[in-house]
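J.: my questions concern the predicted model and sequence given below.
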Amino acid sequence: MSVTAVVLIKAKTQEINKLAQSLAELEGVTEVYSVAGRYDLVAIVRASRNDEIADIISQRMHQVPGIVDSETLISFRVYRNSDVEAGFSLGADE
């Protein structure tokens, strides 16, 4: 079982691209998205335990220059399109 965190990041405007690339290279960071809105980047972090997530975010990510502010969301459950479709098809062949 793994733990997933979504990290919303405000970055120094001139450093967004370099920051995104640096974050994407960190172990445990599986994806980094450039987004529009209140935040500049969204990083997806995955690890096997909560304490690993804490280490990745508070120790490694925040060492990377260019982060102005961030907010971390820890996921409880994931819903996928295939999961939803499977739920609707239960008992359909009876």
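T.: That came through fine. Numbers count the residues shown, from 1 in each chain.
J.: buried residues in stretch 29-45?
T.: V29, V32, Y39, D40, L41, V42, A43, V45 (16 or more other Cβ atoms under 10 Å). C-betas here are computed from N, CA, C, even on glycine.
J.: helices and strands around the one helix or strand the second one maps to, which ones?
T.: Think V32. Element membership of V32 [criterion: DSSP states H and E] is strand 29-34. If contacts are counted by 3 or more Cβ pairs under 8 Å, 6 or more residues apart in numbering; DSSP states H and E, strand 29-34 sits against helix 16-24, strand 41-47.
J.: repeat that with 10 Å
T.: Where contact means 3 or more Cβ pairs under 10 Å, 6 or more residues apart in numbering; DSSP states H and E, strand 29-34 is packed against strand 3-11, helix 16-24, strand 41-47.
J.: partners of the shortest one, with directions?
T.: For strand 41-47, the pairing partners within the sheet under DSSP bridges are strand 3-11 (antiparallel), strand 29-34 (antiparallel).
J.: I67: which of those strands is closest?
T.: Closest approach to I67 among these (Cβ to Cβ): strand 3-11, 5.8 Å.
J.: rounded mean pLDDT for the closest one, please.
T.: Here strand 3-11 scores 97 as its mean pLDDT.
J.: could you check the angle that strand makes with helix 16-24?
T.: Orientation of strand 3-11 against helix 16-24 (axes from the mean of the first three to the mean of the last three Cα atoms, to 10 degrees) gives an angle of 160 degrees.
J.: which of the residues in strand 3-11 are buried?
T.: V3, T4, A5, V7, L8, I9, K10, A11.
J.: from those residues, pick the one nearest R60.
T.: Ranked by distance to R60 (Cβ to Cβ), the buried residues of strand 3-11 are led by V7 at 11.4 Å.
J.: residue contacts, the closest one?
T.: 23, 29, 32, 39, 41-45, 53, 56-57, 61, 67, 70-73 (Cβ atoms under 10 Å, 6 or more residues apart in numbering).
J.: identify the bridge partners of the residue nearest to it when sequence neighbours are not counted.
T.: Leaving out its chain neighbours, the residue that sits closest to V7 by Cβ to Cβ, 6 or more residues apart in numbering is A43, at 4.3 Å. A43 has the following beta-bridge partners by DSSP bridges: V7, V32.
J.: please consider this matter closed, and thank you.
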